[in-house]
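K.L.:
pasted the sequence and its predicted model underneath.
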2 protein chains.
Amino acid sequence: MKGFRFSAVEAAIKKPGRLDLALIFSDFPAQVAAVYTTNKVQAAPVIISRQRSQNGKCRALLVNSGNANACTGEQGMTDALECGRKTAEALGLSDEELLIASTGVIGQALPMERFRKGIQPLVDGLDHGTLDDVAKAIMTTDTFEKIERRSGEAGGKPYSIWGVAKGAGMIHPNMATMLSFLVTDAEVDGAFLKSAFTQAVDGSFNAITVDNDTSTNDTALIFANGAAGNPVIKAGTPEGAAFAALLHDLLLSLAKLIVKDGEGATKFVEIRVKGGATQADAKKAALAVANSMLVKTAFFGQDANWGRIIAAVGYSGAQVEQERVEILFDDVVMATGGIFAGGDAEAAGTRVLQQKEFKVTIDLKIGGGEAVVYTSDLTYDYVRINGDYRT
Amino acid sequence: MKGFRFSAVEAAIKKPGRLDLALIFSDFPAQVAAVYTTNKVQAAPVIISRQRSQNGKCRALLVNSGNANACTGEQGMTDALECGRKTAEALGLSDEELLIASTGVIGQALPMERFRKGIQPLVDGLDHGTLDDVAKAIMTTDTFEKIERRSGEAGGKPYSIWGVAKGAGMIHPNMATMLSFLVTDAEVDGAFLKSAFTQAVDGSFNAITVDNDTSTNDTALIFANGAAGNPVIKAGTPEGAAFAALLHDLLLSLAKLIVKDGEGATKFVEIRVKGGATQADAKKAALAVANSMLVKTAFFGQDANWGRIIAAVGYSGAQVEQERVEILFDDVVMATGGIFAGGDAEAAGTRVLQQKEFKVTIDLKIGGGEAVVYTSDLTYDYVRINGDYRT
């Protein structure tokens, strides 16, 4: 990866002994594309970065875990701006060239004393830091770090795309956020980068659900600094298509890691809806099934409970004709024509659900709309992790 | 209660030793008002009763538990029609005068042999049965029977309203349904009965949520047979207002009993949203909070976690200005102006959540829209009850 440097330090914002402050720095001005939470309650860093990333070019990202700086009012804005300014100064950048992200407890002021102390060591660390350090520093209740790497080629010049992510949902103790940061040394047309990144996020992070709670801090962004020296990758070219495919593949891998690391999850389930009146209808149905507490507990119980699935499809708001609906667990037809398939479907379907990973296919047989959503099961541990009092 | 008779028998549709087939019979033609599930996947009895209750007058209700007769296709319709016809014959009624309801397992054919055997004993039982028997016969995973009685007066004539209900949500093993049946001997104008009942259902059964799963069989209906001999209760009169108030009070009591008996519930929580841009906005916000898995697990954990609540409000789709939002646990202000209220709010709020029942008030401070939703917490037992394999 050319022209990017990384750093992470322990600023004691999180529990002692864990990295919690990280920096991504580009040696050159980089095209930036970003997607932020749709929640109307937004953390200070989201408000700031959303505005700055609209400029299209940035140099650096400052991120902390342990405190979301959300629901902190004007103080939160003042604090975020100061942290950004001090870091930009130390890097010799203008404020506008630096983006900010935070994840952690909602409603508590940033521990500014410790944050300030961390900035110079953080900047100094750019000489020897790695993206793995950043992946570690953004972890909250994540049980493993999430990092993916891809490489491609454009005009004979090899380039790389690297990305990190942290846990889905809003995680105890009222943690906010799904975060994902990507860097590529490819030279990419700015408008194309935005559209390709937005599409890739839609097919990955927007296709996973652990608990259907959209956080105040969700942020996904990519820096492209062109250090690879390739001819500019543009829309409507083979190079553009290849880059978009790599981007989607990398984001989908990160998204799947997030679901697999979902709180208390014991199952990884792909919900595929086919035959929807529209693509939007298919997504509605898939999300209703993926978010149904009854369906998710049935997955945990390995209960081949297709009745709960067809019921969720029925209330999803999608166009449904019950006498057409077909439901499969992997390749086992559980219901067809809206009624139980009979035979050994129950036994065979149960065997499918006993796997750690399986696929539920729902064919509405109305139109051509199709959507895929990835989800986990609802377990005792989910209740324990989110029910325990904050410590 | 004049002019109504009740009966329940054990037809072995459910586990042996439990009443599972019930009958409500009016000695006179009764005005009927009914509300059915909005789920697009609907059980045979729902399809049949929806059409019959449109006639406005009926005499009887046949209900079974243990089998929902949902997702059973044409066979399910044939079976439901036959059960209805045989019962109507035994009662000397036309098919159209009898309504049908079912609750229980989805996707399995009715055990017709046992059902047929149960009909004559059921009809014979009308001589000595009670509404309590009906309340028992419709229970599935309910841990207690739900029955409420009210009495009023119109034109010097006393009248009664009695009602029964069964569990909320779609209950293990893929049980379908919230059912509620009311009878009154008051003489009520048909159109007024429909509007009053619909409004009362909206403020009661449509204001509770255990797991946000709308079933295939939900049915709420009322018979008014006029046996009290009162002058017809009409809209826009004091008698009409009094009747509507009694009806709402009775339904709300039943709705609260359903939440209190929610699967694994340890808390009963009133979510009140004030200051919404519209009433619909307030309801959106209240439902998002009431259905948030993270909020419900925090209630279980007695974690004064207002951050999850404001986040749920933020993604509810309601108009929200985060710097206005105020959140109270009972009378304890947890957040004001969108930020933590500070002081001893944390400790005081935690004490509120340690109660079995408490109120969460969210003031959006935008307009006059207000809505109340009742919910329960998300517990280990919810996961156990819904996760255990069907036995």
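P.N.:
Sure, I can see it.
K.L.:
hey, let's count contacts and neighbours off CA atoms from now on
P.N.:
Fine.
K.L.:
which stretches of the stretch 151-300 of chain A form helices?
P.N.:
A:190-202, A:238-260, A:279-291, A:293-300 (DSSP state H, counting those that start in this stretch).
K.L.:
quick one: work out the angle between the third one and helix A:293-300.
P.N.:
So that's helix A:279-291. Angle of helix A:279-291 versus helix A:293-300, following axes from the mean of the first three to the mean of the last three Cα atoms, to 10 degrees, is 60 degrees.
K.L.:
which strands and helices sit next to helix A:279-291?
P.N.:
strand A:208-209, strand A:268-276, helix A:306-315, strand A:369-376 (3 or more Cα pairs under 8 Å, 6 or more residues apart in numbering or on different chains; DSSP states H and E).
K.L.:
most tightly surrounded among those?
P.N.:
Counting by mean count of other Cα atoms under 10 Å in any protein chain shown, helix A:306-315 has the highest mean neighbour count of the helices and strands packed on helix A:279-291, with a mean of 27.
K.L.:
so which of the helices of the stretch 151-300 of chain A is the most surrounded?
P.N.:
helix A:293-300 (a mean of 28).
K.L.:
now that one: mean pLDDT?
P.N.:
What helix A:293-300 shows for mean pLDDT is 90.
K.L.:
does chain B have contacts with it?
P.N.:
Yes: Helix A:293-300 is in contact with chain B by Cα under 8 Å from any Cα of the partner chain, via A:293-294, A:297-300.
K.L.:
distance to A:D331 for the residues you listed - can I get that in TSV?
P.N.:
As requested, the residues of helix A:293-300 next to chain B are exported to TSV (distance: Cα to Cα, whole Å):
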residue	distance to A:D331
A:M293	24
A:L294	22
A:T297	22
A:A298	19
A:F299	17
A:F300	20
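K.L.:
neighbours around the residue lying closest to A:E10 once chain neighbours are set aside, how many?
P.N.:
Nearest non-adjacent residue to A:E10, counting by Cα to Cα, 6 or more residues apart in numbering or on different chains: A:L19, 4.3 Å away. A count of neighbours around A:L19, defined by other Cα atoms under 10 Å in any protein chain shown, yields 24.
K.L.:
got the contact list for A:L19?
P.N.:
A:8-11, A:133, A:136-138 (Cα atoms under 8 Å, 6 or more residues apart in numbering or on different chains).
K.L.:
now with 7 Å?
P.N.:
With contacts defined as Cα atoms under 7 Å, 6 or more residues apart in numbering or on different chains, A:L19 is in contact with A:8-10, A:136-137.
K.L.:
pretty sure A:V41 is in a strand, no?
P.N.:
No: counting by DSSP: H, G, I helix; E, B strand; the rest coil, A:V41 is not found in a strand; it is coil.
K.L.:
can you give me the neighbour number for it?
P.N.:
A:V41, neighbours per other Cα under 10 Å, totals 25.
K.L.:
and for A:R85?
P.N.:
Other residues close to A:R85 by other Cα under 10 Å number 17.
K.L.:
got the contact list for the helix or strand hosting it?
P.N.:
Per DSSP states H and E: A:R85 is located in helix A:73-91. By Cα under 7 Å, 6+ apart, the residues outside helix A:73-91 that reach it are A:44-45, A:69, A:94-95, A:98, A:100, A:109, A:116, A:119, A:123, B:323, B:339.
K.L.:
mind picking the two most distant members of these?
P.N.:
Greatest spatial distance among the contacts of helix A:73-91 (Cα to Cα): A:V123 and B:E323, at 33.9 Å.
K.L.:
who's more crowded, those two?
P.N.:
A:V123 (23 against 17).
K.L.:
which regions of chain A sit below the pLDDT cut-off?
P.N.:
Low-confidence segments of chain A, defined by pLDDT under 70: A:168-177, A:210-214, A:388-391.
K.L.:
residues from the stretch 51-200 of chain A in reach of chain B?
P.N.:
Residues of the stretch 51-200 of chain A lying near chain B by Cα under 7 Å from any Cα of the partner chain: A:71-73, A:106-107, A:174.
K.L.:
relative to A:L364, which of the residues you listed is nearest.
P.N.:
The shortest approach to A:L364 among those belongs to A:N174, at 37.5 Å (Cα to Cα).
K.L.:
show me the contacts for the residue sitting nearest the centre point of chain A.
P.N.:
Ranked by distance to the mean C-alpha position of chain A (Cα atoms, centre = their mean), the top residue is A:F205 at 4.3 Å. A:F205 sits next to A:A255 when contact means Cα under 7 Å, 6+ apart.
K.L.:
do you know how far it is from A:T198?
P.N.:
Noted for A:F205: a distance of 10 Å to A:T198, by Cα to Cα, to the nearest Å.
K.L.:
give me the outermost residue of chain A relative to its centroid.
P.N.:
A:G343 (40.5 Å).
K.L.:
show the contacting residues for it.
P.N.:
Per Cα under 7 Å, 6+ apart, neighbours of A:G343: none.
K.L.:
okay, the helix or strand encompassing A:I48 in CSV with CA atoms only?
P.N.:
Per DSSP H and E, A:I48 falls inside helix A:44-53. Extracted C-alpha coordinates of helix A:44-53, given in CSV (Å, rounded to 0.1, in the frame of the first residue of the first chain):
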residue,chain,number,x,y,z
ALA,A,44,-20.5,15.5,16.8
PRO,A,45,-17.7,13.7,14.7
VAL,A,46,-20.4,12.6,12.2
ILE,A,47,-21.7,16.1,11.8
ILE,A,48,-18.2,17.4,11.3
SER,A,49,-16.9,14.7,9.0
ARG,A,50,-20.0,14.7,6.8
GLN,A,51,-19.4,18.3,6.0
ARG,A,52,-15.6,18.0,5.5
SER,A,53,-15.8,14.9,3.3
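K.L.:
distance from that helix to the middle of the chain?
P.N.:
18 Å (Cα atoms, centre = their mean, to the nearest Å).
K.L.:
same check on stretch A:255-269?
P.N.:
How far stretch A:255-269 lies from its chain's middle: 12 Å, per Cα atoms, centre = their mean.
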